[in-house]
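Peer 1: Have a look at this prediction, sequence included:
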Amino acid sequence: MAGTITASFLEHEFPGVSPMKEEDHDERIGIFPSWNVLYLAVVVYTIILILLLYFLTIALDYSVS
Amino acid sequence: MTTLDWFVFILYFGGVVAFAVFHSRKNVGIEGYYLANRRLPWGAVGLSVMATQASAITFIGTTGQAYDNGMEFIQVYLPQPLVMVVLCFLFVPFFYRAKVYTAYQYLENRFDAKTRSLTSFLFLLSRGMAAGIVLYAPAVVLSVIMGWDETITILIMGTVTILYTMVGGITAVIWTDVLQMLMMFAGIGIALLILFGELPPEVGVGDVIYIGGIQEMWKSIDLSWDPTNPYTLWSGLIGGFFLALAYFGCDQSQVQRYLTAKSLKQSRLALIFNAFLKVPMQFCILAIGVLLFVFYHFEQPPLIFNPAEAALVENSQQGDQFTRLRSEHQAAHTLRKEATLGLLRARSSGEELGSWRNQIQQYDQQLALLRRESKELVKEVRGSASNDVNYVFPSYLVKYVPAGVLGLMIAVIFAAAMSSLDSELTALSSATVVDFYQRYWRKDASESHYLTVSRLTTLFWGVCASGMALYAGQLGSLIEAVNRVGSYFYGSLLGVFLLAFLVKRANGTGAFLGLLGGMSSVFLVSAYTDIAWLYYNVVGAVVVVVVGTVVSIPRTTRI
C-alpha cells in the first residue's frame, strides 16, 4: 500500500528517464517488510538520537548557573 | 617518530598500494573505470561514502573544535539520516534508472545540454579548487607538529593517491576507502582508549563526564532560534539538511559512489548504512575533543597548540603581551588542577561539590578567555584568523601517545586525506570526460581511447590538486574564499535537481535561469545579511525551484 503511494507520487515520464516502478519501494529488506517501513525506522531513529542528545545536554550539565 | 611508528606508517602505505593493485585487475573499459561495472556490494560502497566525507580536517579539526566548544557541532550532522532517506526515496532511483555516469548527465536527459554543462562546470570549479585544500590542510598541520617538510608530505600523499586512482579507477578507490575507513574507526577507538588510559588512575568514567559537564562540554542540543548561529538544532536541521542533501545528492564525488553498487537495492542499503552510523561516529570524534579538554585539567595545555603561530607572536611586537598571557594561563591551569583534584576527593567522600564546581568553572572560563585573547593576538600579527583548532589533537598525539600508536594515528590522518582526495579525483575525471570530452569532442571513440583519456584526466586533476596544495600557503585569504565557493553553488545545484525530480512541467530554460537566479541570491544574501552559512543552501535551492517553476510556465497560460 505504502509502495503504491510512493510509486504514484513519483510517476514521472520524462524523456530519456525510465519511470519509477512499484517494486522499487515494495520489496522486503531483512526484517523490514518494505522500504517505506525501513525509512520510517530511520526517521524514528533520528528522533530518538535528538531526544537522547537533548537528555545528555540536560542530564550532564553540571555548570553553576 | 620511533622505528615502530615508521614501521606502522610504511605498512599502511604498502597495504593501500597492494590493496589498490589487487582490486584493480578487472578494470576494463570506461564503465569499469568510473562505475566498477556496477557490481560492488553495499558494504564497500557504504564505507566509501563515509570515507569520502571524512577528510583529514574532519578528523583533526572537529576534535579541536570540541576541545574549545564541546559537542555542539554534532547538530550539523543530525539531519543526515533523514537526508539518506530522501536520497533513497527520490534521488537514487532516478540516477540508477537513467543509467548515467555522472549526476549532471541526468540533467541533459531531463532538461537540456546547457543545464548539464553549467552544473558540471560548477562542480569542476568548486571541487577542483577544494581538492588542493584536502591535501594542503593536513600536510601543513603535520609539517608543523612533526617537523616534516610540507612539500614532501604533499608530494607523498598526492603521488600515492594519484597512482592508485589513475591505475585502478573507482574499484581501487572504493576498496582502499574501505581499508582507510576501517583504519579511521580503529583510530577513533584507540584514541578514546588511550585518552582514558592517560588520565590519572583515580579518575573514572563518571569523573570525566562530570568534569566535562561543569563547562557544559556535553551540550549537544541548543534550542535557541538564532539564524546567525550555525550551531543550533534548527540551523542544523534546516541548513544542515539542505547542505547534506546537496552534498550527497548532487556532488559527483558522492553520487559516483552509489552508482557503483550492484543494484538499486544495494545503493540504497549503502546509504541506509550511513544513516545509522554517521551520527554515532561523529559523536565519538567529538568526544575525543571533550576528553582532551578533561585530560588537560591534569596536564598543562599549551596556550596556543600551533607552535608556528606561538613563535610568530612571541617574536613580534606583541611578544611581551603573549608572554604575560602564557604566565596567567599557567597559573590558572595550576589552580584549576588543584580544584579538580579537590572535586575528585569530594566526590569519592560524598562531600558537597558546589564550591569546587564553582571554582573549576571560573578557571575554565578564565583559561578559555586567555586562549581567545591569544588567538586575537595571532590574528593581529598574522593578519588572518588563527586555525589553532586543527593542532589540538595532533599536538596531543606527538606528546603523549605510545610508540607504534603515533605511527598508526598519523597513518589514520593520511588515510582520511587520501580517501577524500581519491574520490574527488575520480569524480573530477568522470565529469570532465563524460560531461565534456565525450559529449562535445569525441562522441564515438573506442573504449580503450576513453580509458586512456580517463586516466590522463585523473592524472591532470591530481597534478592540479598537488600543485595547488604546494602553493596554498602563499594564497593567504584566497584559501578561505575557496572554501566558501562550494557553499555558494551547492544549494543552487540542489535546487536544479529538486526541480527535475519534483516539478514535472519544469523545462531546460527554467532550470538554467533558476540556477543563475539561485547563485545570485546566495551571493546577495552572503554579502548583505548575517545569516549563518548553513542557510545559503536553503536560499539557493528555494530560489532555483521558484524561479525555475515560474519561468517554465507555458507562455499561453501566463497572465
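Peer 2: That came through fine. Note that this is a predicted model, so its numbers are computed, not measured. Numbering: from 1, shown residues only, chains lettered A, B, ... in the order given.
Peer 1: Please count neighbours and contacts with C-alpha atoms only from this point.
Peer 2: OK.
Peer 1: mind checking the SS state of the nearest residue to B:Q330 once chain neighbours are set aside?
Peer 2: With sequence-adjacent residues excluded and distances taken as Cα to Cα, 6 or more residues apart in numbering or on different chains, B:Q330 is closest to B:Q300, at 7.1 Å. Three-state secondary structure (criterion: DSSP: H, G, I helix; E, B strand; the rest coil) places B:Q300 in coil.
Peer 1: doesn't A:E27 make contact with A:W35?
Peer 2: Yes: with contacts defined as Cα atoms under 8 Å, A:W35 counts as touching A:E27 at a distance of 6.7 Å.
Peer 1: Could you list the low-pLDDT ranges of chain B?
Peer 2: In the predicted model of chain B, residues B:25-28, B:473-486, B:555-559 satisfy pLDDT under 70.
Peer 1: which is the next helix or strand following the lengthiest helix in it?
Peer 2: Ordering each helix of chain B by length in residues (DSSP state H) puts helix B:150-198 first. Where DSSP states H and E defines the elements, the next helix or strand beyond helix B:150-198 is helix B:205-214.
Peer 1: Give me the contact list for the next helix or strand after that next one.
Peer 2: Using DSSP H and E, the helix or strand that directly follows helix B:205-214 along the chain is helix B:233-234. Taking Cα atoms under 8 Å, 6 or more residues apart in numbering or on different chains as the criterion, the residues outside helix B:233-234 that touch it are B:75-76, B:221-225.
Peer 1: cutoff 10 Å now
Peer 2: Among residues not part of helix B:233-234, those counted as contacts by Cα atoms under 10 Å, 6 or more residues apart in numbering or on different chains are A:50, A:54, B:72-76, B:78-79, B:220-227, B:239-240.
Peer 1: which SSE is residue 64 in?
Peer 2: If you meant another chain, say so; for now it's chain A. Element membership of A:V64, judged by DSSP H and E, is empty: it is in no helix or strand.
Peer 1: please go with chain B instead
Peer 2: Applying DSSP H and E as the criterion places B:G64 in helix B:56-69.
Peer 1: before we move on, what about B:Q365?
Peer 2: Taking DSSP H and E as the definition, one finds B:Q365 inside helix B:354-382.
Peer 1: buried set for that helix?
Peer 2: Counting neighbours by 16 or more other Cα atoms under 10 Å in any protein chain shown, one finds that the buried residues in helix B:354-382 are B:356-364, B:366-368, B:370-379, B:381.
Peer 1: Run through the residues that contact B:E328.
Peer 2: B:303, B:322, B:334, B:366-367, B:370.
Peer 1: between those, which is nearest B:L35?
Peer 2: Here the nearest of these to B:L35, counting by Cα to Cα, is B:L303; it sits at 48.4 Å.
Peer 1: hang on, the earlier thing: check the contacts of B:E328 and tell me the two furthest apart.
Peer 2: The most widely separated members of the contacts of B:E328, counting by Cα to Cα, are B:F322 and B:T334 (18.4 Å).
Peer 1: Compare the two (neighbour count), which wins?
Peer 2: B:F322 (23 against 17; other Cα atoms under 10 Å in any protein chain shown).
Peer 1: mind checking the SS state of that one?
Peer 2: Secondary structure for B:F322, judged by three-state DSSP, is helix.
Peer 1: Export stretch B:494-506 to PDB, keeping only CA atoms.
Peer 2: The C-alpha atoms that make up stretch B:494-506 are tabulated as PDB, following Å, rounded to 0.1, in the frame of the first residue of the first chain:
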ATOM      1  CA  LEU B 494      20.400  21.000  -5.300                       C
ATOM      2  CA  GLY B 495      17.600  23.300  -6.500                       C
ATOM      3  CA  VAL B 496      18.100  22.200 -10.100                       C
ATOM      4  CA  PHE B 497      17.800  18.500  -9.100                       C
ATOM      5  CA  LEU B 498      14.700  19.100  -7.000                       C
ATOM      6  CA  LEU B 499      13.200  21.000  -9.900                       C
ATOM      7  CA  ALA B 500      14.000  18.000 -12.100                       C
ATOM      8  CA  PHE B 501      12.500  15.400  -9.700                       C
ATOM      9  CA  LEU B 502       9.500  17.200  -8.400                       C
ATOM     10  CA  VAL B 503       8.200  19.800 -10.900                       C
ATOM     11  CA  LYS B 504       7.000  17.900 -13.900                       C
ATOM     12  CA  ARG B 505       6.400  20.900 -16.100                       C
ATOM     13  CA  ALA B 506       9.900  22.400 -15.500                       C
END
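Peer 1: how close does the residue nearest to B:L47 when sequence neighbours are not counted get to B:D435?
Peer 2: In space, B:L47 comes closest to B:V178 once its chain neighbours are excluded; the distance is 5.5 Å by Cα to Cα, 6+ apart. Counting by Cα to Cα, to the nearest Å, the separation of B:V178 from B:D435 is 28 Å.
Peer 1: At the contact with chain A, which residues of the stretch 201-350 of chain B appear?
Peer 2: With Cα under 10 Å from any Cα of the partner chain as the criterion, the stretch 201-350 of chain B meets chain A at residues B:209-223, B:233, B:264-265, B:268-269, B:272, B:275-276, B:279-280, B:283.
Peer 1: helix, strand or coil for B:L78?
Peer 2: At B:L78 the chain is in coil, as set by three-state DSSP.
Peer 1: That one: neighbour count?
Peer 2: Counted with other Cα under 10 Å, residues neighbouring B:L78 total 24.
Peer 1: between the helix holding B:G64 and helix B:354-382, how many degrees?
Peer 2: Our comparison of helix B:56-69 with helix B:354-382, counting by axes from the mean of the first three to the mean of the last three Cα atoms, to 10 degrees, yields an angle of 130 degrees.
Peer 1: Following the chain onward from helix B:56-69, which element is next?
Peer 2: Toward the C-terminus, helix B:56-69 is succeeded by helix B:80-86 as the next helix or strand (DSSP H and E).
Peer 1: Packing partners of that next one?
Peer 2: Applying 3 or more Cα pairs under 10 Å, 6 or more residues apart in numbering or on different chains; DSSP states H and E, one finds that helix B:80-86 contacts helix A:35-59, helix B:240-250, helix B:264-295.
Peer 1: Tabulate these in TSV, adding columns for mean neighbour count and distance to B:P554.
Peer 2: Below are the helices and strands packed on helix B:80-86 laid out as TSV (neighbours: other Cα atoms under 10 Å in any protein chain shown; distance: least, Cα to Cα, whole Å):
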stretch	mean neighbour count	distance to B:P554
helix A:35-59	17	35
helix B:240-250	25	27
helix B:264-295	22	35
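Peer 1: Let me have the ones you listed in CSV, adding distance to B:V496 as columns.
Peer 2: Putting the helices and strands packed on helix B:80-86 into CSV (distance: least, Cα to Cα, whole Å) gives the following:
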stretch, distance to B:V496
helix A:35-59, 24
helix B:240-250, 9
helix B:264-295, 22
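Peer 1: right, and those helices - which one's nearest B:A191?
Peer 2: Within the helices and strands packed on helix B:80-86, the stretch nearest B:A191 is helix B:264-295; the backing value is 7.1 Å (Cα to Cα).
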